[in-house]
Every structure is written in C-alpha cells, then in structure tokens.
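[1] Below are the sequence and a predicted model for it; my questions follow.
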Amino acid sequence: MIYTVGFLNVEGVYSITSDFVFSKKENVAEDIIFINASGPTRENWVRESLISPQFHLEGIIPNKVQSKQIEHFLYKGGTVISSLVNPKKSIKTLAFKDELYFPLRENVKVLDYGDLLELEYQPYNWLEGVLKEYSEKAYLITLEKNSLQIQDARVNTAVNSVMFSVGSNHGSLIFTTLMNDVLNFKTKNDFQNVVKEVSGKGMTNVVAG
C-alpha cells in the first residue's frame with residue numbers, strides 16, 4: 001500500500017490524516033510512505049462541517065506520535081521516500097487561536113499576535129536524531145560541486161536521490177528531488193514511477209548506522 005503525507009488525494013493511494021496510526025497498518029514488505037516535507041500541505045486543515053466555510057487545523061503531519069511510528073517502521077525494514085529540500089528553510093503559516101485543534105509540538109515555533117498566531121516549523125521536524133542528520137547530509141550532497149565522501153561511500157552530485165540504509169533490517173530512507181512538486185502526483189502510477197527511478201541507475205546508497 002502507498003501512504004502519502006502532503007500530497008493531493010489520489011485514487012488507490014491512502015492520504016494520511018492526524019489520527020492515522022502507522023503501527024496498525026504497516027507491512028514493511030509492501031508498504032511505502034511518501035512524505036512531501038517542503039510545504040504547508042503537511043498541515044491537516046479540516047472543514048468544520050460539509051456546509052461550513054470554516055476550517056480548523058488538526059495538526060502538522062506527521063505528528064509526534066506518527067513520527068515515532070515512522071521511525072519504528074524504518075528500523076523494521078520499511079521504506080520512506082521524502083522530497084529533498086533545504087532542511088533549514090522554515091515553513092510558516094498563520095492561524096487564529098480558535099482554529100487550532102491540537103497541542104503545539106516543541107519543535108514548532110509560535111509568534112503570538114493576540115488572536116492570530118504565526119507557526120514556524122522545519123521540513124524534517126518529523127525526523128529525530130541520526131535520521132534528521134541524514135536529511136542534512138542528503139541536501140549537502142546536492143550542493144557539492146564535486147563528489148563527496150560520506151561514511152565510506154562515494155556520492156556523485158549528479159544524482160537526484162540519496163538512499164540511507166537504516167538499521168540491521170535495512171530500512172530505506174530516501175530523499176529525492178523527484179517529489180519536490182506535489183502537482184506532478186495525480187495518479188498512483190506517478191508514485192510508482194518514483195519507486196522505479198530511485199531504485200535504478202544513478203541511485204546513491206549510503207549505509208546508515
């Protein structure tokens with residue numbers, strides 16, 4: 001099954017919401033999680049009712065619990081494919097206080113303007129520890145003019161994807177620029193094509209600790 005965060009609703013693909021529990025659905029042999037890390041499409045805005053013009057923000061996905069479940073999924077041998085963007089370029093969004101239906105995480109900065117809040121968070125705030133470091137290394141690779149030595153693996157900057165093998169079960173954490181434009185993903189086949197691309201020629205494989 002293909003699970004997505006931050007993409008359009010696509011037939012045959014499961015679009016994740018704030019209440020989704022990965023641990024109940026995961027099948028590391030068959031499931032793949034796609035995450036658009038770069039933008040406010042990760043924000044789970046929900047209409048108050050079918051006829052209401054009002055929306056509320058239920059969370060920024062993956063939330064803290066989901067992030068831990070994704071980490072568990074990776075270490076069990078699962079595959080997570082993320083867009084590859086500047087990890088230090090913050091995402092900002094505005095919301096009224098009465099529109100927030102979730103507790104703010106410690107890695108979401110808040111500027112309080114009275115009834116209006118500005119929320120600021122980073123693209124890879126759903127990764128922690130060494131996994132978050134991989135996002136920074138992947139982005140660094142794309143900036144290098146020459147090949148870069150990382151953990152005894154030669155990396156060529158011409159590639160558009162970097163894969164880190166995670167844990168003893170060899171989970172795959174993949175960062176790719178192929179996913180940087182969400183509008184390119186309108187069918188299930190579009191996601192399947194990315195899987196083929198990142199598994200093929202030009203892929204850089206870095207063994208993670």
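    Good, I have the coordinates.

[2] Point out the other elements, helices or strands, that the lengthiest helix in the chain touches.
    Counting residues, the longest helix in the chain under DSSP state H turns out to be helix 129-143. When contacts are defined as 3 or more Cβ pairs under 8 Å, 6 or more residues apart in numbering; DSSP states H and E, helix 129-143 sits against strand 148-150, strand 161-166, strand 171-176, strand 204-207. Heads up, the C-betas are built off the backbone N, CA and C, glycines and all.

[3] average model confidence for that helix?
    Throughout helix 129-143, pLDDT has a mean value of 88.

[4] Kindly report the same for stretch 169-177.
    So the average pLDDT for stretch 169-177 ends up being 90.

[5] what are the C-alpha coordinates of it, in CSV please?
    In CSV, the C-alpha atoms belonging to stretch 169-177 read as follows (Å, rounded to 0.1, in the frame of the first residue of the first chain):
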residue,chain,number,x,y,z
ASN,A,169,16.8,-4.8,8.9
HIS,A,170,18.0,-2.4,6.1
GLY,A,171,15.1,0.0,6.0
SER,A,172,15.3,2.6,3.3
LEU,A,173,15.1,6.4,4.0
ILE,A,174,15.2,8.1,0.6
PHE,A,175,15.4,11.8,-0.2
THR,A,176,14.7,12.8,-3.8
THR,A,177,14.0,16.0,-5.8
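
[6] Give the buried residues for that stretch.
    Gly171, Ser172, Leu173, Ile174, Phe175, Thr176 (16 or more other Cβ atoms under 10 Å).

[7] do the same with stretch 172-191
    Ser172, Leu173, Ile174, Phe175, Thr176, Leu178, Met179, Val182, Phe185, Phe191.

[8] ok, so what distance separates the fourth one from Pro87?
    It refers to Phe175. Remark: distance between Phe175 and Pro87 (Cβ to Cβ, to the nearest Å) = 10 Å.

[9] Many thanks, we can stop here.
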